[in-house]
Structure formats: structure tokens, C-alpha cells
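Participant: sequence isn't available, so here's the structure alone:
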């Protein structure tokens, strides 16, 4: 009975090994020069989606995700290292900071340096202090 159990276990292990090898053959490609398109979300402008790639006469779709707080202006595949926010401009009422390209994913066409702005707000500090004060009571 113990020998029969060992044979069944061995057969199951061999079967699992075969399926992994078969998957590798289906997904594996000899092509090395893949060109990937942008991540296209399934709905709206962020969340889960797919990215299409082509190489010679082959094509693939990969799952991808666009964070919902991404900087649309730069694209989700362009990663930047940003400096600290600059001072508030009294003329425009906005702060500015720059970012230097750190990584371009999936052959994305990215700008080397980008600039972002946001409105100046002194109310944020007073609101956060007010919330902290209420929590202590």
C-alpha cells in the first residue's frame, strides 16, 4: 500500500513538471526585439489593462496597471526623480519642481527633464493642525 501511494505521488509530480514545461514552450519566444505599446486601461484612464507587443510576425498582450495618481502628462512608463518643491511664486500662485528621467519602461519615448506645478496653499498646514487638535480631545 505504501509503495502504491509512492507511485501515485511520483506520477502526479511528473505530470506537474510536464505542464510547466509545456507552458514555457507556449509563452517562450525566440524573438528578442520586442516593441511594446503603452498600457491601455480596461476602463477610464487608470487601473488594470493590457499592453500589446510585437516582434516580427509575433504579437503578445501583457497585463499592466496604471496607478490612478500617475502624471498623465508624462505617461505611466516614464519614471522620474523629482527635486523638492520650490518656493511659491506671488505672481502666479503656484510652486514648481523638476524631475530627471530615471527609467523608461517598455521602450517608452520620455522627456529627459519635466516640470510640474501645483497651487500654493497655506491652508493645508492649518487644516492638518486643526485635525490633530481635535483627535487629542
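Facilitator: Great, that's in hand. Note that the coordinates shown come from a computational prediction; the quantities given were computed from them, not determined experimentally.

Participant: in the strand with the most length in the chain, what counts as buried?
Facilitator: Ranked by number of residues, the top strand in the chain under DSSP state E is strand 94-104. Using 16 or more other C-beta atoms under 10 Å as the test for burial, strand 94-104 gives 95, 99. The way it works is simple: take the backbone N, C-alpha and C, and place the C-beta from them, glycine included.

Participant: for it, name the packing helices and strands.
Facilitator: Applying 3 or more C-beta pairs under 8 Å, 6 or more residues apart in numbering; DSSP states H and E, one finds that strand 94-104 contacts strand 78-82, strand 113-119.

Participant: beta-bridge partners for residue 36, please?
Facilitator: residue 53 (DSSP bridges).

Participant: what is the neighbour count of it?
Facilitator: Neighbourhood size, residue 36 [other C-beta atoms under 10 Å]: 18.

Participant: let's test this: name the helix or strand in this structure with the lowest mean pLDDT.
Facilitator: Lowest by mean pLDDT, DSSP states H and E among the helices and strands of the chain is helix 123-136, with a mean of 48.

Participant: list the contacts for residue 117?
Facilitator: 94-96 (C-beta atoms under 8 Å, 6 or more residues apart in numbering).

Participant: show me what it is bridged to.
Facilitator: Applying DSSP bridges, one finds that residue 117 bridges with residue 96.

Participant: returning to that earlier point: now what about the longest strand of the chain, what contacts it?
Facilitator: Counting by C-beta under 8 Å, 6+ apart, 74, 77-89, 110-120 sit against strand 94-104.

Participant: try 6 Å this time
Facilitator: Applying C-beta atoms under 6 Å, 6 or more residues apart in numbering, the contact partners of strand 94-104 are 78-83, 85-86, 88, 110, 112-120.
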